[in-house]
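1. Need coordinates for the following:
(2 chains)
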2 protein chains.
Amino acid sequence: MQFSNAFPDRLAAQVRATGSAVCVGLDPRRQQLPAGLQPAASASPREWASRYRTFCCGVIDAVAGQVPIVKPQAAFFEQLGPAGMEALHHVIQHALQADLLVVLDGKRNDIGSTAEAYADAYLGRGGLSIWGSDSLTVSPYLGADSLDPFIQCCDERQAGIFVLVKTSNPGGGFLQDRLSHAGSADEGSVYQAVAELIKQQNASRCGTSGYGPIGAVVGATYPDQLADLRRRMPNAWILIPGFGAQGGGAEDVAAGFDEHGLGAIVNSSRHLIFAHQRPPFQQRFGAPRWQEAVAAATAEMNAQLRSVVGGS
Amino acid sequence: MQFSNAFPDRLAAQVRATGSAVCVGLDPRRQQLPAGLQPAASASPREWASRYRTFCCGVIDAVAGQVPIVKPQAAFFEQLGPAGMEALHHVIQHALQADLLVVLDGKRNDIGSTAEAYADAYLGRGGLSIWGSDSLTVSPYLGADSLDPFIQCCDERQAGIFVLVKTSNPGGGFLQDRLSHAGSADEGSVYQAVAELIKQQNASRCGTSGYGPIGAVVGATYPDQLADLRRRMPNAWILIPGFGAQGGGAEDVAAGFDEHGLGAIVNSSRHLIFAHQRPPFQQRFGAPRWQEAVAAATAEMNAQLRSVVGGS
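-> Residues are numbered from 1 along each chain as shown, chains lettered A, B, ... in the order given. Purely as a prediction, here's the structure:
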């Protein structure tokens, strides 16, 4: 299969090239950094940001070539203020240089020209946007028109978005599972309505991979809904969080893939990047060799996914 | 009435002290900056950020004492990358020093410890958080449990949030107006479910003003829903965007207030901060006296609101 330069096709090519559907979540958490990277208790935000940068770049170096994509979590960088944002920018650039795709997890959205500003800020590498990420997670609560500026930006810059559809947390169903109706006509659940919108918007935008630029976030913790959503959005990449620390396993995510082993990427954050803290990696490597632990945990997750995912 | 130091009470005290329910939206947009603040076409993001900072601080100086609160829009600062985030940080500090409350418009949310990171990043002044804002706009799509870390942080730091309920854009109804049911039981619309959650969470948290820390965003462009939501959430501050440039007028927002003239703040951004570009302020002041135009437009909006809002 020949892939174009559009984001969904680049993602397919990277999955093929690496033989991996793993997305490595870059969630630097102060308390969990390897011992050698923990600064003094009195460290300034700038010092912490420097450690986050070193740590995340180290993770990237450990997984480059093994996985198609990484997902920095904006919140942890924002927590360190402007210095954290500088570190985030550096981490994204480092990932791009390591030939990884980047999905920034910011769950942004707004309306009209403000949504345009978010899209312009984050979507597009190679100088097209200032943060330079290939894709961004986006919340749908503001409605279909709030997604349009992001979709237009995807069209113009060969970028992508992942819209929250069915999230992995226990309370995600509060709005997402709500069954809706228009008069006597059953309209399915809220998350199904978002899925239908994604499918429609992708219909005229599919690349040679068969997928469009508008992906969906569907948690590993709801395997039945994942299978349902795979059927409802045959043209949408699914970003599946909740693997590992949140409880999802390889069998839970299998239904997210198509018959060629494409169509889904499975995110794991803590389980991979802090592998030096969990057995058996803790015993094998310990804190000083934390990068080897990251690489080994990622290889293990790759093997777990390959055991359940078909593909050619 | 004696007000406590909790955010909803501080907001009530500021509304009383200024005699104003206007929230000034700080949405710096490149093309609309006053002529004297426009840098060269080739200006770097850092130069643009410096202009944003000068402009927003100038707006703050023009409205300090006239209004209770300002609302920086994160997207426009994020659009300038790390330099923009530094400018945002400075603008927030400048507003606090000018004795204004700050609601950062970031429409953030996530789950679990990631939501904790956002709350820790943004909520709380006086060194309690690094960005130092009094409150933050938050999206509810991820469900009730995703709001808990923000609410807990509000409790600990005398801070507030404003949850998106019914937004001002034409397509906001795509999810928000969806009528839901559980079996044969009608559960109202999605936005009404969010409103009910806010009311419940505020019930045990109301300050001396009668309001709790969890506010609601309800657009000025839907006056009937605004009246409905005022009744459904008698203990929630309502942040009303959509006044002015988006088409809402003073009559449209009147139903957001309680009988004491409290309970709502009305945001206007472009209409106030770029008043030098619209009649009659353009003629009276022009670009060089843009700060006077901001002050005059704010005074006009204050008068418009006072003409329709009761209060003691």
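2. Identify the residue spatially nearest to A:Ser135, adjacent ones excluded.
-> Nearest non-adjacent residue to A:Ser135, counting by Cβ to Cβ, 6 or more residues apart in numbering or on different chains: A:Gly160, 3.7 Å away. Bear in mind the C-beta positions are built from the backbone N, C-alpha and C, glycine included.
3. cool, and A:Gly132?
-> Nearest residue to A:Gly132, sequence neighbours excluded (Cβ to Cβ, 6+ apart): A:Arg125, at 4.8 Å.
4. Wasn't the one you found part of a strand?
-> No - if the criterion is DSSP: H, G, I helix; E, B strand; the rest coil, then A:Arg125 is coil and not within a strand.
5. Next, it: phi, psi?
-> phi -100, psi -180 (degrees, to the nearest 10).
6. Just confirm it contacts A:Trp131, I think it does.
-> No - counting by Cβ atoms under 8 Å, A:Arg125 does not reach A:Trp131; the two are 9.4 Å apart.
7. the more surrounded of the two?
-> More neighbours surround A:Trp131 than the other of A:Arg125 and A:Trp131, with 25 against 20 (other Cβ atoms under 10 Å in any protein chain shown).
8. picking that back up, quick check: the gap between the residue nearest to A:Ser135 and chain B.
-> With distances taken as Cβ to the nearest Cβ, to the nearest Å, A:Gly160 is found 18 Å from chain B.
9. Ramachandran coordinates for that residue?
-> phi -140, psi 160.
10. that older thread, any idea how far the residue nearest to A:Gly132 lies from chain B?
-> 14 Å.
11. Check what pLDDT that residue gets.
-> Looking at A:Arg125, its pLDDT reads 96.
12. what number of residues lie near A:Ala64?
-> A:Ala64 has 18 nearby residues by other Cβ under 10 Å.
13. The one 3 residues further on now?
-> Here the neighbour count serves as a burial measure; for A:Val67 (other Cβ under 10 Å) it reads 25.
14. beta partners for it?
-> On the basis of DSSP bridges, A:Val67 is bridged to A:Ala64.
15. That one and B:Ala144: what is the separation?
-> Counting by Cβ to Cβ, to the nearest Å, the gap from A:Val67 to B:Ala144 is 34 Å.
16. Ok, A:Pro288 next?
-> Using Cβ to Cβ, A:Pro288 is found at 42 Å from B:Ala144.
17. again, but for A:Leu26
-> Taken as Cβ to Cβ, the span from A:Leu26 to B:Ala144 is 28 Å.
18. Those two: which is more packed in?
-> Between A:Leu26 and B:Ala144, counted using other Cβ under 10 Å, the more crowded position is A:Leu26 (28 against 20).
19. Provide a list of residues in contact with that one.
-> Counting by Cβ atoms under 8 Å, 6 or more residues apart in numbering or on different chains, A:Leu26 makes contact with A:56, A:59-60, A:70-73, A:91, A:269, A:273.
20. Apart from its neighbours in sequence, what residue is nearest the residue in the stretch 201-312 of chain A that chain B sits nearest to?
-> In the stretch 201-312 of chain A, the residue that lies nearest chain B is A:Gln246 (8.4 Å; Cβ to the nearest Cβ). Distances taken as Cβ to Cβ, 6+ apart place A:Ser168 nearest to A:Gln246, at 5.5 Å, with adjacent residues excluded.
21. do A:Gln2 as well
-> Spatially, and ignoring its direct neighbours in sequence, A:Gln2 is nearest to A:Thr208 (5.8 Å; Cβ to Cβ, 6+ apart).
22. what sits up against the host helix or strand of A:Ile214?
-> For A:Ile214, the host element (DSSP states H and E) is strand A:212-218. With contacts defined as Cβ under 8 Å, 6+ apart, strand A:212-218 is touched by A:6-8, A:135, A:137, A:147, A:151, A:154-155, A:159-167, A:194-195, A:198, A:201-203, A:205-206, A:225-226, A:229, A:233, A:235-241, A:256.
23. Just checking, which helix or strand succeeds it along the chain?
-> helix A:223-232.
24. Give me the pLDDT for the closest residue to chain B within the stretch 1-150 of chain A.
-> When scored by Cβ to the nearest Cβ, the stretch 1-150 of chain A has A:Asp145 as its residue closest to chain B, at 3.2 Å. Predicted confidence (pLDDT) for A:Asp145: 97.
25. Give me the angle between the strand or helix carrying it and strand A:212-218.
-> Using DSSP H and E, the element containing A:Asp145 is helix A:144-157. For helix A:144-157 against strand A:212-218, the angle by axes from the mean of the first three to the mean of the last three Cα atoms, to 10 degrees is 130 degrees.
26. buried set for helix A:144-157?
-> Buried residues in helix A:144-157, counted by 16 or more other Cβ atoms under 10 Å in any protein chain shown: A:144, A:146-151, A:153-154, A:157.
27. can you list the weak-confidence ranges in the stretch 1-150 of chain A?
-> In the predicted model of the stretch 1-150 of chain A, residues A:1 satisfy pLDDT under 70.
28. Could I get the full set of helices for it?
-> A:7-18, A:45-63, A:74-78, A:81-97, A:112-122, A:144-157 (DSSP state H, counting those that start in this stretch).
29. and A:Gly58, how far is that from B:Ala236?
-> 45 Å.
30. Those two - which one has more neighbours?
-> Taking neighbours as other Cβ under 10 Å, A:Gly58 and B:Ala236 compare with B:Ala236 leading, 28 against 17.
31. What residues does that one make contact with?
-> By Cβ under 8 Å, 6+ apart, the contact set of B:Ala236 is B:195, B:198-199, B:202, B:211-212, B:214-216, B:263.
32. Save those residues as TSV, and put in neighbour count, pLDDT and distance to B:Val22 too.
-> TSV is the format used below for the contacts of B:Ala236 (neighbours: other Cβ atoms under 10 Å in any protein chain shown; pLDDT from 0 to 100; distance: Cβ to Cβ, whole Å):
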residue	neighbour count	pLDDT	distance to B:Val22
B:Ala195	26	98	24
B:Ile198	28	98	23
B:Lys199	18	98	25
B:Asn202	24	98	23
B:Tyr211	27	98	18
B:Gly212	26	98	22
B:Ile214	28	98	22
B:Gly215	29	98	16
B:Ala216	29	98	18
B:Gly263	26	98	14
